[in-house]
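Asks: can't give you the sequence, but here's the structure:
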């Protein structure tokens, strides 16, 4: 499923094979939380170089429900995207979106952020939902510890996450045999937790590797801790992950975060930053961040990023983008999102090329000087 | 500038030539109030058959201001649309959007709906703004009487509208000579007012024809009066308009309104209905209106309109569109708007074909039976 093609330092260049096609690594997944990218059609993400998108088990379970999606022929057909889809397990959303959350040995009880309805999610149920959605890359249900968190809490949380991961794997193996439709079966990833305790990260990684997954995610980071601490946790985790499996840093991050993580051997990323920030007029460019609301762009008739080839940059000026933003035009969300997605996909393309040329360290250094 | 090609009853099929290209009549203008269509790029409107869009003098004067647009190279370049643009004069917006409005002989004082700033708009200023925007079809500043309105009020209002139209034309002729850049100069339309009084409509039409314009708009309708009364006003006005000039019914309307007006000899339309209703989940289809929020579409995996060839109908189901709408996804606004614009442009294409085939009355009858 994962083929490592080349290394440049610890940075890795590879291919991840899924039921819906191959993905060149390292890659960044554009987020389609509820089965839709905010303001874009999937075709646009593909045109910008995106080969995979991420959807959320939590959101889709609540609305419209996996039964509807399954009846529609699966999420790919429902949302008109025939490339790979990774589905998050819902663990993080239960942690971040639900007001009430009760952890039990069996699973987690939480309240829907939509209508307050009580929902009980077990590891088995989590796999079942993802299978019904037709996910190509499924995630185990995990418990995401907050930051900061007491060691004792994290220890217990980690124990639960490992136990749940085991149950997810058992369920996955049990159903996989029955329901395999594709040449390449759906993949299942374990999620390393352990808060900001290096030894717990190591413990978590080792436990998950013992169970054996198609890939390993590192969760519970980028939840408020300093970036330096995040990188330390990567350093504490990655040596304990197998080299022949993909590594996924969940919910990360800024271009800088991504480059630091790639340099440590991470292959996969997702984050709301490009899409969410776009909607807030926070635009990534080759010359650093542009806050398009700024008055200085009122008469700036240059493109947002002259080095970018996206539709927004080819056809519009900063003055127009500012006008759309200050006028609350829907088109603002669309053009801004298109650009930020383009920027992230371009970044990942350059990352892959730099690794192929064995010049990743150089590329990273140059990028960070240019963008800070 | 206007070439009448064919008639079917009183329905007319023609070509309107503008500085930025020809437009086949009858046509419907998609609205780009502030220099942007809500959620769509101009290319999409063109692909759906739209040859002209409408922008608002009032909105663009307030934000970003005509100076910025002029510096950007005009509205066409600013918003990336090289087809014809009609600009409304602002008369209707001053009437409908501004809280405070003082009519003076010289012009109208109003408060910006954005920041409350006082603004004084004269007929001359109104032309000047539209010229700076680079409008292909300009409208005279008018006073739009409410419905219902006393005869006395409408009489006075009409007098002012005629006086202002005259001043707009003088200003237009004065500047036209100096600033003509295109082979076909920018057009100026007068706006017939007169409330719901047939004799005042006639008077207004005759006065405007006396001044002489490139086309004649009928304003102050679709402001709350019954449709029957609107059609009566068309019957009272159209006989007094020259046959060799285009006729534009402002702010109208439903598919039914449009067909009734075309059958009376109207050539041009604009309305927020397709775009605004799209955002409210009110979708026009060949089988009548679909309110996509309706629970009955939860498991409806058929396209919104099997007879429609738009991207939305070709790629998505009603179940997905309902999911997007109930989830407040931005993509909902975009896909819905795309479809409604497609529906209106398709309707106008069929209208033009029916007139060419001299079967307009038949087409209209069939459509209204099918859609009511």
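Replies: That came through, no problem. Not measured: the values here are computed from a predicted model.

Asks: what residues does chain A have near chain B?
Replies: Remark: the part of chain A in contact with chain B comprises A:34-41, A:59, A:63-64, A:68, A:71-73, A:78-80, A:298-299, A:301, A:311, A:315-317, A:319-320, A:322-324, A:326-327, A:329-335, using Cβ under 8 Å from any Cβ of the partner chain. Every C-beta, even on glycine, is put in place using the N, C-alpha and C of the backbone.

Asks: just the ones of these in helices?
Replies: Mapping the residues of chain A next to chain B onto helices (DSSP state H) picks out A:59, A:68, A:71, A:78-79, A:311, A:315, A:319-320, A:322-324, A:326, A:330-335.

Asks: low pLDDT regions in chain A?
Replies: Chain A contains residues with pLDDT under 70 at A:177-183, A:372.

Asks: centre-most residue in it?
Replies: Taking Cα atoms, centre = their mean, the centroid of chain A lies closest to residue A:270, which sits 2.2 Å from it.

Asks: and that one, what does it touch?
Replies: Contacts here follow Cβ atoms under 8 Å, 6 or more residues apart in numbering or on different chains; on that basis residue A:270 touches A:28-29, A:31, A:54, A:86, A:88, A:248, A:250-252.

Asks: can you do 6 Å?
Replies: By Cβ atoms under 6 Å, 6 or more residues apart in numbering or on different chains, the contact list for residue A:270 reads A:29, A:54.

Asks: contacts for stretch A:86-95 next, please.
Replies: Defining contact as Cβ under 6 Å, 6+ apart, one finds that stretch A:86-95 is touched by A:29, A:54-58, A:101, A:108, A:110, A:126, A:130, A:133, A:135, A:137-142, A:144.

Asks: now swap in stretch A:100-116 and tell me
Replies: Contacts of stretch A:100-116 (Cβ under 6 Å, 6+ apart): A:62, A:94, A:97-99, A:118-122.

Asks: out of those residues, the closest to residue B:279 would be?
Replies: Nearest to residue B:279, judged by Cβ to Cβ, of the contacts of stretch A:100-116 is residue A:62 at 23.6 Å.

Asks: show me what contacts that closest one?
Replies: Taking Cβ under 6 Å, 6+ apart, we find residue A:62 in contact with A:112, A:114.

Asks: where's it relative to residue A:251, distance?
Replies: Using Cβ to Cβ, to the nearest Å, residue A:62 is found at 20 Å from residue A:251.

Asks: follow-up on the earlier one: just the buried ones from the residues of chain A next to chain B?
Replies: Among the residues of chain A next to chain B, the ones that count as buried by 16 or more other Cβ atoms under 10 Å in any protein chain shown are A:34-41, A:59, A:64, A:68, A:71-72, A:78-80, A:301, A:311, A:315-317, A:319-320, A:322-324, A:326-327, A:329-335.

Asks: and the strands in the stretch 251-372 of chain A?
Replies: Listed in chain order, the strands of the stretch 251-372 of chain A (DSSP state E, counting those that start in this stretch) span residues A:268-270, A:282-285, A:288-291.

Asks: quick one: distance of the second one to the chain centre.
Replies: Taking the mean C-alpha point of strand A:282-285 and that of its whole chain, the gap between them comes to 19 Å (Cα atoms, centre = their mean, to the nearest Å).

Asks: what about residue A:357, how many neighbours?
Replies: Applying other Cβ atoms under 10 Å in any protein chain shown, we find 13 residues neighbouring residue A:357.

Asks: returning to what we had before: of the contacts of stretch A:86-95, which belong to helices?
Replies: Per DSSP H, those map to helices at A:57-58, A:126, A:130, A:133.

Asks: wait, doesn't residue A:278 sit right on residue A:335?
Replies: No - if you go by Cβ atoms under 6 Å, residue A:278 and residue A:335 don't touch, sitting 8.6 Å apart.

Asks: what do these two both touch?
Replies: By Cβ under 6 Å, 6+ apart, no residue touches both residue A:278 and residue A:335.

Asks: all strands for the stretch 101-250 of chain A, in order.
Replies: Here the stretch 101-250 of chain A has its strands, by DSSP E, counting those that start in this stretch, at A:101-103, A:108-111, A:118-121, A:137-139, A:187-192, A:215-218, A:247-249.

Asks: make a markdown table out of the ones you listed and add mean neighbour count.
Replies: Output for the strands of the stretch 101-250 of chain A, formatted as a markdown table (neighbours: other Cβ atoms under 10 Å in any protein chain shown):
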| stretch | mean neighbour count |
| --- | --- |
| strand A:101-103 | 13 |
| strand A:108-111 | 20 |
| strand A:118-121 | 15 |
| strand A:137-139 | 28 |
| strand A:187-192 | 29 |
| strand A:215-218 | 26 |
| strand A:247-249 | 28 |
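
Asks: looking at these, which is nearest to residue B:366?
Replies: For these, proximity to residue B:366 was assessed by Cβ to Cβ; strand A:118-121 is nearest, at 50.6 Å.

Asks: name the helices or strands packed onto that closest one?
Replies: strand A:108-111 (3 or more Cβ pairs under 6 Å, 6 or more residues apart in numbering or on different chains; DSSP states H and E).

Asks: let's see 8 Å
Replies: Helices and strands touching strand A:118-121, by 3 or more Cβ pairs under 8 Å, 6 or more residues apart in numbering or on different chains; DSSP states H and E, are helix A:57-62, strand A:108-111.

Asks: to residue B:220, which of these lies closest?
Replies: Distance to residue B:220, taken as Cβ to Cβ, is lowest for helix A:57-62 among those, at 47.6 Å.

Asks: just how off-centre is that closest one within its chain?
Replies: The answer for helix A:57-62 is 16 Å, by Cα atoms, centre = their mean.

Asks: in the stretch 151-300 of chain A, what residue comes closest to chain B?
Replies: residue A:299 (6.1 Å; Cβ to the nearest Cβ).
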